[in-house]
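[1] Mind looking at a prediction? Sequence and model below.
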Amino acid sequence: MKTSDWLKKYNIYLKKSLGQNFLSTQTYAKQIVKKASITTNDTVIEIGPGAGTLTQELVNTGANVYAYEIDERLKPLLTERFKNFDNIKIEFIDFLKANLSTFETPKYVANIPYYITSLILEKIFLETPNFQIALLMVQKEYADRMIAKSGKNYSPLSIFVQFFCTVEKILTVPPHAFIPNPKVDSVVIKLTPKKNRPDIDKNKFFKFIHIAFSQRRKTIKNNLKKIFDTNTEIVLKKCNVDPKTRPENISIEKFVEIFHYIEHY
Ligand code: SAM
């Protein structure tokens, strides 16, 4: 049965406010799940199963699937769709409030609700730091920002994501693959946690990054003056960074170095 048939059967209209752009057929769901190389020993977490299109492919792998859906209207539909499967558990709660402490090395595979992308990333990284991989469908613009290493798309989000993970773009999904059609392309990204992360105070570091990018068109020296006035230039020179450089042209490694220096100055 197609997604639209399931929705018709249960008289469900989709809500924009919940980021409900559902995959219309199994085609892309199959491709995404294939890229996750799931085995029966895996535990897979899905955020927002919707009408169960991607969920169906996840369940078919034989892995243990845990899905979190905020919209209780989908309960009868999902209950019927998966009544013959014992390797899936669906909780009808806000994923951002879910207790993930029992998951050790989960895989995440999800077409996530766009309006909470950053909060979802934060929760995954901080609450399940040993996750194996996360294959997440996000808006193309968002993926571009997550992947950028410099330039106009490089932002605190790029640094946040790349501090924790390596990021790869693995599939582009066109608007016609969804109901309703979104205005933009979507991209599936693969996040793999980095093993050797710098040993620094993450909260302080990300606050520092926000200050460094507070005015993108200004130089790093100008932005950092807000926290570290007179000695900014000395610190930047020690780190071999031209004080006139814009933040969008400074690598994560350099930012870590500057941060270290400021912390120990
Ligand atoms: N997985 C389905 C698919 O690919 O067809 C639906 C994806 S749709 C982009 C996002 C889903 O996330 C919707 O079903 C929506 O109701 C759900 N959702 C939105 N906010 C949520 C939240 N805070 N926690 C859990 N699910 C949420």
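    Right, received. Where do you want to start? Numbers count the residues shown, from 1 in each chain.
[2] Closest residue of the protein to the ligand?
    Gly48 (2.0 Å; Cβ to the nearest ligand atom). The way it works is simple: take the backbone N, C-alpha and C, and place the C-beta from them, glycine included.
[3] residues near the nearest residue to that residue once chain neighbours are set aside, how many?
    Here the nearest residue to Gly48 in space, its sequence neighbours aside, is Pro113; by Cβ to Cβ, 6 or more residues apart in numbering that works out to 5.4 Å. Close neighbours of Pro113, defined as other Cβ atoms under 10 Å, add up to 20.
[4] Go ahead and confirm Pro113 touches Lys16.
    No: look at Pro113 against Lys16 with Cβ atoms under 8 Å: they stay out of range, at 10.4 Å.
[5] Could you list the contact residues of the stretch 101-250 of the chain toward the ligand?
    Residues of the stretch 101-250 of the chain lying close to the ligand (Cβ under 6 Å from any ligand atom) are 111, 113, 116.
[6] Turn the residues you listed into JSON lines, including secondary structure.
    Below are those laid out as JSON lines (DSSP: H, G, I helix; E, B strand; the rest coil):
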{"residue": "Asn111", "secondary structure": "strand"}
{"residue": "Pro113", "secondary structure": "coil"}
{"residue": "Ile116", "secondary structure": "helix"}
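[7] For this protein, give me the ranges with low pLDDT.
    Along the chain, segments meeting pLDDT under 70 span 229-230.
[8] Distance of the residue nearest to Gly48 relative to Lys35?
    21 Å (Cβ to Cβ, to the nearest Å).
[9] cool, and Leu96?
    Leu96 is 25 Å from Lys35, by Cβ to Cβ.
[10] what distance separates the helix or strand hosting Leu7 from the middle of the whole chain?
    Assigned by DSSP states H and E, Leu7 belongs to helix 3-9. Computed by Cα atoms, centre = their mean, to the nearest Å, the chain-centroid distance of helix 3-9 equals 28 Å.
[11] again, but for stretch 132-148
    Distance, centroid of stretch 132-148 to centroid of chain: 6 Å (Cα atoms, centre = their mean).
[12] Could you do stretch 104-116 as well?
    Distance, centroid of stretch 104-116 to centroid of chain: 7 Å (Cα atoms, centre = their mean).
[13] what residues does that stretch touch?
    17-23, 32-33, 36, 38, 42-48, 50, 54, 58, 63, 66, 96, 100, 120, 124, 128, 130-139, 142, 186 (Cβ atoms under 8 Å, 6 or more residues apart in numbering).
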